[in-house]
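Trainee: okay, here's the prediction I keep looking at, along with the sequence it came from:
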Amino acid sequence: MRKFFKTVAVYCGHQFGNNPEFNRAAIMVGTQLAQNNIQMVFGGGDVGLMGAVATAALRAGGHVIGVSTDDVVARQEPAHPEIDVEIVDGVNERKQRMFELSDAFIILPGGIGTLNELTDIMTMQQIGETRKPLFFLNSENFWAPFGNLVKHMIDCGFIESLDDYNMHNANTVEELMKLVLDS
C-alpha cells in the first residue's frame, strides 16, 4: 500500500547555477508539489533555486514552510517575504527541523549545503535512523558525478550495499513526480 507524502523537503542551491534548466526544473517541482497537495519545506530563503521552488509552489496554491537561521538570513539568504520562516539557532538545528517536518526529500542541484543535507539523510538511512526517501532530480545530469562517487565507494569497500539507502533518481520532473506519487 502506498504511503502518501504530506510534506516533502526540497534541498537545493541558494544560487541559480549556470544552466537555465535548473531554474525551470525548480519551478516545475514547486508547481507540481502544490498541484498534488504536497506541503513543501525548504530553507526559507528568497534566493536562487530555493526561492524559485518556493515561489512556484505558492503561485500554484501550495503551502510552504521555511526554516532558517538568523546568521543565514543576515548573510546570504534573505527570508522569503511571502512565507513565515521559522528561525532556529544554527545550521544543524535547521537540518533537524526540516527533517522532523518532512516525510521525504527532493534533491535539486545545489552546492555544499545541499550536499551536506543529503549526506546527513543518507547517514541516517545507513545507520537505520530513518527510511524516509531521497528523490534526486538529475537535471542536466547534475547528480551523475555524485552517483559515480557512491559507486566508487562501493567498489573500494566503504559502502557494503545500497540496500541500506532509500534513494531514487529521476532525470525529468515528470519522472520525479511519478516516483514521489507512486512511493
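Mentor: Perfect, I can see it now. Numbers count the residues shown, from 1 in each chain.

Trainee: quickly list what residue 168 is bridged to.
Mentor: When bridges are assigned using DSSP bridges, the partners listed for residue 168 are residue 135.

Trainee: so who does it touch?
Mentor: Contact partners of residue 168, counting by CB atoms under 8 Å, 6 or more residues apart in numbering, are 133-136, 179, 183. Quick note: C-beta positions are derived from backbone N, CA and C, even for glycine.

Trainee: need the pLDDT of it.
Mentor: The predicted local distance difference test score for residue 168 is 97.

Trainee: try residue 58
Mentor: At residue 58 the predicted local distance difference test score is 98.

Trainee: that one and residue 30: what is the separation?
Mentor: Plainly put, residue 58 is 8 Å away from residue 30 if you go by CB to CB, to the nearest Å.

Trainee: which of these two has more residues huddled nearby?
Mentor: The neighbour count for residue 58 versus residue 30, taken as other CB atoms under 10 Å, is higher for residue 30 (28 against 18).

Trainee: my guess is that one contacts residue 51. True?
Mentor: No: no contact is recorded between residue 30 and residue 51 when judged using CB atoms under 8 Å, the distance being 9.9 Å.

Trainee: pLDDT weak spots in the protein?
Mentor: Low-confidence segments of the chain, defined by pLDDT under 70, are located at 1-3.

Trainee: how about the strands of it, start to end?
Mentor: Using DSSP state E, the strands assigned to the chain run over residues 7-11, 39-42, 64-69, 85-88, 104-107, 134-137, 167-170.

Trainee: got JSON lines for those, with distance to residue 21 too?
Mentor: As requested, the strands of the chain are arranged in JSON lines below (distance: least, CB to CB, whole Å):
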{"stretch": "strand 7-11", "distance to residue 21": "16"}
{"stretch": "strand 39-42", "distance to residue 21": "20"}
{"stretch": "strand 64-69", "distance to residue 21": "23"}
{"stretch": "strand 85-88", "distance to residue 21": "27"}
{"stretch": "strand 104-107", "distance to residue 21": "16"}
{"stretch": "strand 134-137", "distance to residue 21": "11"}
{"stretch": "strand 167-170", "distance to residue 21": "14"}
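
Trainee: neighbours of residue 81, how many?
Mentor: Applying the criterion other CB under 10 Å, we find 9 residues in the vicinity of residue 81.

Trainee: for it, give me its contacts.
Mentor: With contact set as CB under 8 Å, 6+ apart, residue 81 has these partners: residue 46.

Trainee: what does it show for phi and psi?
Mentor: For residue 81, the backbone dihedrals (degrees, to the nearest 10) come out as phi -70, psi -20.
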